[in-house]
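Trainee: Test case, fold it:
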Amino acid sequence: MNLYTSDITQGYSPYPFAFTPVQYQAQPVPPSYAMYQTNLQAVLPLLRQAVQGERNDELFYDYLIQNAPSNQDKEIIISIRDDERRHRQMFRQMYYSLTGQTIGPSDSESFEKPTTYLSGIEKALFGELSAVELYRKIYFMIPGTVFKNMVFEILTDEIKHASKYNFLYAKNK
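Mentor: Just a heads-up that it's a prediction; the model follows:
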């Protein structure tokens, strides 16, 4: 015997709500969402800024390595510095692939020496977090999956670096 006759099951849904298909229509993107659109012309200066930032970080981290109080600190900062070198090269490759032009050496390759090792670690920590914000903009604007994947790798490295600097700060406080 069938307990569910056709008149009982009509209109029955196993879910307590109904799904209504969404009708997608092309809508203009609000200005506040413009950063989420691919924009080659806007990303090129950001790539140049990233190359310069990675170089400045490399120089600053060389200074921190020379002033590190322990071998453990030195090894951690060396690994971060080496990542920064690789990131710089990756950003240069992206720029060249997108424009056919190379980014030449910068006129300003300097940094402000921190008053103490610990203040240098703090500056490095917040520098890494600022880089995350810049690279997130680059990620949204850069065209192409390969470039997005490269930026994602760099971005996650920067988050990892911030965690390592946080460790060094806590360890040396």
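Trainee: where along this protein do the strands fall?
Mentor: Assigned strands in the chain: none (criterion: DSSP state E).
Trainee: pLDDT weak spots in it?
Mentor: 1-27, 29-30, 35, 107 (pLDDT under 70).
Trainee: Pull up the gap between the residue nearest to residue 52 when sequence neighbours are not counted and residue 58, please.
Mentor: Closest residue to residue 52 apart from its sequence neighbours, by CB to CB, 6 or more residues apart in numbering: residue 106 at 5.2 Å. C-beta: built from backbone N, CA, C; applies to glycine. Computed with CB to CB, to the nearest Å, the distance linking residue 106 and residue 58 is 12 Å.
Trainee: If you count surrounding residues, which of the two has more?
Mentor: Shown here are residue 106 and residue 58; by other CB atoms under 10 Å, residue 58 has more neighbours (19 against 12).
Trainee: Not counting sequence-adjacent ones, nearest residue to the residue most central in space within the chain?
Mentor: Central residue of the chain (CA atoms, centre = their mean): residue 155, 2.7 Å from the mean position. Using CB to CB, 6+ apart and skipping residues adjacent in sequence, the residue nearest residue 155 is residue 135, 4.5 Å away.
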